[in-house]
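Asker: sharing a sequence plus its predicted fold:
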Protein chains: 2
Amino acid sequence: MTGDTGGAQAPLRSASRVTLDDVARHAGVSAATASRALGGGPHVAAATRERVRAAAEELDYVASPEAARLAGGPTGRVAVLVPHPSRWFFGELLEGLEGELRAADLDLVLFRVGGPEERAAFFARLPARRKVDAVVVLTPVDETEHARLASLDVAVVAAGGRVAPYPSIAVDEHAAGRQAMDHLLHLGHRRIGMIDVEDAGRPDGRRAAWEAALRDAGVGPDGDLVVTVSADGEGGADGMARLLGLRSPPTAVFAHNDEIALGAVRTLRRAGLRVPEDLSVIGIDDHPLAALTDLTTVAQPVREQGRRAGELVRAALRGELDQQAATLPTRLVLRGTTSPPAAPR
Amino acid sequence: MTGDTGGAQAPLRSASRVTLDDVARHAGVSAATASRALGGGPHVAAATRERVRAAAEELDYVASPEAARLAGGPTGRVAVLVPHPSRWFFGELLEGLEGELRAADLDLVLFRVGGPEERAAFFARLPARRKVDAVVVLTPVDETEHARLASLDVAVVAAGGRVAPYPSIAVDEHAAGRQAMDHLLHLGHRRIGMIDVEDAGRPDGRRAAWEAALRDAGVGPDGDLVVTVSADGEGGADGMARLLGLRSPPTAVFAHNDEIALGAVRTLRRAGLRVPEDLSVIGIDDHPLAALTDLTTVAQPVREQGRRAGELVRAALRGELDQQAATLPTRLVLRGTTSPPAAPR
């Protein structure tokens, strides 16, 4: 008998007369601690949790959802902080997360935290609310934001990227970038551009991979070959145009993600250049439209990252969060936008 | 002074000693009715609502959020039923909706209702929960599902399509389909195929537009020219292959949406056919990747539909829902995938 979803089952009607106070007294803890211990709340030592559970079992205690709520117990809700719900990447994370939370009868409360003003407003009023049992962040948080989250006193988990200091489910950004870069280098490219995004996260593993791969290949990275754009297709189109404007343009381009890569391909087509004959392009993600547009990419399991983050939340609410992070694998998907560089003319 | 988000403001501390029962007695109604009248709940006559509000003002009543919750008052939460959160269309609806709900300090609780089993499970347990103040459906609901929603006794609003009998924000599906079809007919196409989706909604306005446009042009619609596929790019690729397998393939294709159109374009490219020289393709949506892939389409304002649905919810919670539906305009966006048919060979 646990209270982790509010304790809806009541096997014996008489048992419901035992109150949380009785359990707390029996276990020698405060009512608040007893509530958190039974509800899977944070900051309860394993031994204390065990003692409270034993007391509850001994007394045949059945939690009332309403009482649990008034005592600061579980709400059955998990807040998810999403910068851009309409982008494929975040939608996939939400799909995976929602399924896993629902299986535990937890509701997903969606909060969009996009631009700086929106973020500031959200985090400023956050501590006023004790409305959720856990928070999942799908976006980096700065120190002020972290302090606000900490004041909520609930479990915080990250997905889709590493967000210190929280347990997180992500891919290895640097390794994914190396898969893309090593493929281009293996094809014989040496002058490789990168279209990176503003605000790619700290540190920017993909950008670091671009630089490390070139150094390892004995090519001094040329800073002119990196352009920074907004994280969408129009940004990619713009970035590609800037690279084409260089005195010596690259022969291949590593785009921060597939949408940016597709924007780059449009610019190349409009410029009358052939992909991959004149210029190779590779992205990261394996967005569904990458398959439709024959884009070579590095696939990452996005929905699975959401699902696994849901598992972390469930473990945290059971007081069993031991796994601090998981790194899921990425893989190169060869399609039609990369080939060896054209012979010098 | 209203209680529509739980009544957090307390201008006078002494005022909080007045209880909901006092207000109810003063207004001559039950406490439950008084709670709903102040909380913007449904099924309260306008005159009653007015009388309760006047009583509350007279007594300087300040609602306690906790009391309101126990009395079945506002929860501050809105449930949103989404079939596929990771698809662009639904992500855009969510973005628009979230912003509008947040402006009213309402939380968005996301429920994925995708496949038949998932739907059945969700609707079966729905009535057990009095957890939200309103529901927004982004998917058609059948009669059983409607009955379940009705038992919740909260406002229900639809967006992204008409869902009888709820107030809804949508585009005119038939008119959008006509814009696409009339464009192809105007270019001179007569043998026009359609790649439609399974489960397009009842009735399927886009399919009806295909048929009506052909009839109006004096062309007897040929049933072989309609194929039905899954609602994604791979479905579109498959549908196009089926149309190319006809003894007499179409010279133009109207795809149910842009993702399907992009799938169709991939099949054509793989078959060595040029778009639009050999075959024209048009979609509906103006997905961000339509601009990147130069796809001709009929644009619909998706995020705006979400935002407007949020407005409907807010109006409903204030007890001021007079607008039963709104139809937003669509417009033809000419790009590079449509042209007059090739001269017969």
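Answerer: Here it is on my side, so go on.

Asker: quick one: end-to-end distance for stretch A:194-206.
Answerer: 9 Å (CA to CA, to the nearest Å).

Asker: and the pLDDT for the closest residue to residue A:309 other than its chain neighbours?
Answerer: Spatial nearest neighbour of residue A:309, chain neighbours left out: residue A:159 (3.5 Å); criterion: CB to CB, 6 or more residues apart in numbering or on different chains. Yep, even glycine has a C-beta here, placed from its N, CA and C like the rest. Listed pLDDT for residue A:159 reads 96.

Asker: and residue A:159, backbone torsions?
Answerer: phi -140, psi 150 (degrees, to the nearest 10).

Asker: neighbours around the nearest residue to residue A:331 once chain neighbours are set aside, how many?
Answerer: Excluding its sequence neighbours, the residue lying closest to residue A:331 (CB to CB, 6+ apart) is residue A:299, at 5.4 Å. Neighbour count for residue A:299, taken as other CB atoms under 10 Å in any protein chain shown: 20.

Asker: what sits opposite residue A:299 in the beta ladder?
Answerer: For residue A:299, the beta-bridge partners under DSSP bridges are residue A:285, residue A:331.

Asker: which residues touch it?
Answerer: Neighbour list for residue A:299: A:285, A:286, A:330, A:331, A:332, A:333 [criterion: CB atoms under 8 Å, 6 or more residues apart in numbering or on different chains].

Asker: show me just the buried residues among those residues.
Answerer: The neighbour-count test (16 or more other CB atoms under 10 Å in any protein chain shown) marks A:285, A:286, A:330, A:333 as buried among the contacts of residue A:299.

Asker: distance check, the first one against chain B.
Answerer: Going back to what we said before, that points to residue A:285. Distance of residue A:285 to chain B, computed by CB to the nearest CB, to the nearest Å: 12 Å.

Asker: is chain B contacted by stretch A:108-119?
Answerer: Yes - Stretch A:108-119 comes into contact with chain B (CB under 8 Å from any CB of the partner chain), by way of A:108, A:109, A:110, A:111, A:112.

Asker: got it, and stretch A:79-94?
Answerer: Yes - using CB under 8 Å from any CB, stretch A:79-94 reaches chain B at A:80, A:84, A:85, A:86, A:87, A:88, A:90, A:91, A:92, A:94.

Asker: okay, and which of these map to helices?
Answerer: Cross-referencing the residues of stretch A:79-94 next to chain B against helices under DSSP state H gives A:88, A:90, A:91, A:92, A:94.

Asker: name the element residue A:243 belongs to?
Answerer: Element membership of residue A:243 [criterion: DSSP states H and E] is helix A:233-244.

Asker: what sits up against the very next helix or strand once past that helix?
Answerer: Note on helix A:233-244: by DSSP H and E, the next helix or strand toward the C-terminus is strand A:252-255. By CB under 8 Å, 6+ apart, the residues outside strand A:252-255 that reach it are A:177, A:180-181, A:184, A:187, A:189, A:191-195, A:206, A:210, A:236, A:239-240, A:243, A:261, A:264, A:279-284, A:338, A:341.

Asker: let's see it at 7 Å
Answerer: Residues outside strand A:252-255 that contact it (CB atoms under 7 Å, 6 or more residues apart in numbering or on different chains) are A:180-181, A:184, A:189, A:192-195, A:210, A:236, A:240, A:243, A:261, A:264, A:279-283, A:341.

Asker: let me know the pLDDT of residue A:65.
Answerer: pLDDT for residue A:65: 42.

Asker: the residue nearest to residue A:309 against residue A:303, yeah?
Answerer: No - contact between residue A:159 and residue A:303 fails when scored by CB atoms under 7 Å: they sit 10.4 Å apart.

Asker: more neighbours: these two, which one.
Answerer: Per other CB under 10 Å, whichever of residue A:159 and residue A:303 has more neighbours is residue A:159, with 31 against 16.

Asker: got the residues of the stretch 201-345 of chain A near chain B?
Answerer: Neighbours of chain B within the stretch 201-345 of chain A, by CB under 7 Å from any CB of the partner chain: A:232, A:233, A:262, A:263, A:266, A:288, A:289, A:292, A:293.

Asker: any idea which residue of the stretch 101-250 of chain A lies closest to chain B?
Answerer: residue A:233 (4.3 Å; CB to the nearest CB).

Asker: might you report the residue contacts of that residue?
Answerer: Residue A:233 neighbours (CB under 7 Å, 6+ apart): A:259, A:260, A:262, A:263, B:288, B:289, B:292.

Asker: just say helix, strand or coil for the residue lying closest to residue A:294 once chain neighbours are set aside.
Answerer: Leaving aside its sequence neighbours, residue A:294 sits nearest to residue A:336 (CB to CB, 6+ apart; 3.8 Å). The three-state assignment at residue A:336 reads coil, by DSSP: H, G, I helix; E, B strand; the rest coil.

Asker: helix or strand with the lowest mean pLDDT in chain A?
Answerer: Ranked by mean pLDDT, DSSP states H and E, the weakest helix or strand in chain A is helix A:65-70, scoring a mean of 42.
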